[in-house]
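[1] Turn this into a structure:
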Amino acid sequence: MTVSSRQKLQLLVSTPGDLLPRFYPNGKLGGLSVDGQPPGALGEFVTLTVRVRKPPREFTFEGQVAWARRKGSKQLSECFGVDFQADDDATIGRMLQFARNEVSAETTRLERRVQVELPIKLLHGSTSRRERLADLSHGGAFVRTWDPLDVDEVVELVVRPPSSLFSLRLKGRVAWVRRVGDASGMGIEFLDADGTVRRDVDKLLARLR
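    Residues are numbered from 1 along each chain as shown. Here you go, the predicted model:
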């Protein structure tokens, strides 16, 4: 772990499974324990970047220092807890699903995620409903919803870029779901055999900038 003057923290683990012993339930989302002494006072907000060596993955989210074990022992090392914040629920969900080996490695590949807040129409079979898009990358998206679909269901996201007269249709499959708390929703992995979805995401990201 390293700490900068801007209170940015890093947690390095060898494998995804190494994250599971560090996860603890607390509040609505839980948190991760980090070795060493806390960077400041309890309650301080920090940015935590989790890096997994193999397969190489990186997850960055905002958190809050919630507790500290300031004196270690032979059985328990010095450490502190960083509680997750609801604004990064999509990143947290992907990281925990990855740690539990509940999603494919492709689903969590290193893609730059952009936080968004866009209304979308979700098409599933013969039904459609209105939902919200919470983040977006070339590989997938997170849809915030109180009623997530089952994993592997095929969906289509219809989204209209800001200041555009035309909507984009992004086809994907449900890769993981979160059914508890205020941050419930589902992670969508785009299905892009011919590169069309990537081009459409480029257009959407350009509009968002």
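
[2] I'd like to know which elements the lengthiest helix in the chain is packed against.
    Among the segments of the chain that qualify as a helix by DSSP state H, the longest is helix 196-208. If contacts are counted by 3 or more CB pairs under 8 Å, 6 or more residues apart in numbering; DSSP states H and E, helix 196-208 sits against strand 114-124, strand 127-136, strand 168-178, strand 185-190. Heads up, the C-betas are built off the backbone N, CA and C, glycines and all.

[3] helices and strands around the next helix or strand after the second one, which ones?
    Under the assignment DSSP states H and E, the closest C-terminal helix or strand after strand 127-136 is strand 140-144. Under the contact criterion of 3+ CB pairs under 8 Å, 6+ apart, strand 140-144 touches helix 89-99, strand 127-136, strand 168-178, strand 185-190.

[4] just how off-centre is the first one within its chain?
    What separates the centre of helix 89-99 from the centre of its chain is 5 Å, taken as CA atoms, centre = their mean, to the nearest Å.

[5] Rounded mean pLDDT for that helix, please.
    Taken as a whole, helix 89-99 carries a mean pLDDT of 79.

[6] Just the buried residues of that helix, please?
    Across helix 89-99, burial judged by 16 or more other CB atoms under 10 Å covers Asp89, Ala90, Thr91, Ile92, Gly93, Arg94, Met95, Leu96, Gln97, Phe98, Ala99.

[7] Using PDB, write out the CA atom coordinates for that helix.
    Output in PDB follows, covering the C-alpha atoms of helix 89-99 (Å, rounded to 0.1, in the frame of the first residue of the first chain):
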ATOM      1  CA  ASP A  89     -21.500   0.500  -6.800                       C
ATOM      2  CA  ALA A  90     -20.900  -0.700 -10.400                       C
ATOM      3  CA  THR A  91     -17.100  -0.900  -9.900                       C
ATOM      4  CA  ILE A  92     -17.600  -2.600  -6.500                       C
ATOM      5  CA  GLY A  93     -20.000  -5.100  -7.900                       C
ATOM      6  CA  ARG A  94     -17.600  -6.100 -10.800                       C
ATOM      7  CA  MET A  95     -14.700  -6.400  -8.400                       C
ATOM      8  CA  LEU A  96     -16.600  -8.700  -6.000                       C
ATOM      9  CA  GLN A  97     -18.000 -10.800  -8.700                       C
ATOM     10  CA  PHE A  98     -14.500 -11.100 -10.200                       C
ATOM     11  CA  ALA A  99     -13.100 -12.100  -6.700                       C
END
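
[8] Now do that helix: everything it contacts.
    Residues from elsewhere that reach helix 89-99 (CB atoms under 8 Å, 6 or more residues apart in numbering): 16-17, 19-20, 23, 29, 50, 52, 57, 59-61, 84, 103, 105, 107-108, 113, 134-135, 142, 175-176, 178, 181, 183, 185, 187.

[9] can you tell me how far Leu19 sits from Thr49?
    Using CB to CB, to the nearest Å, we find Leu19 at a distance of 13 Å from Thr49.
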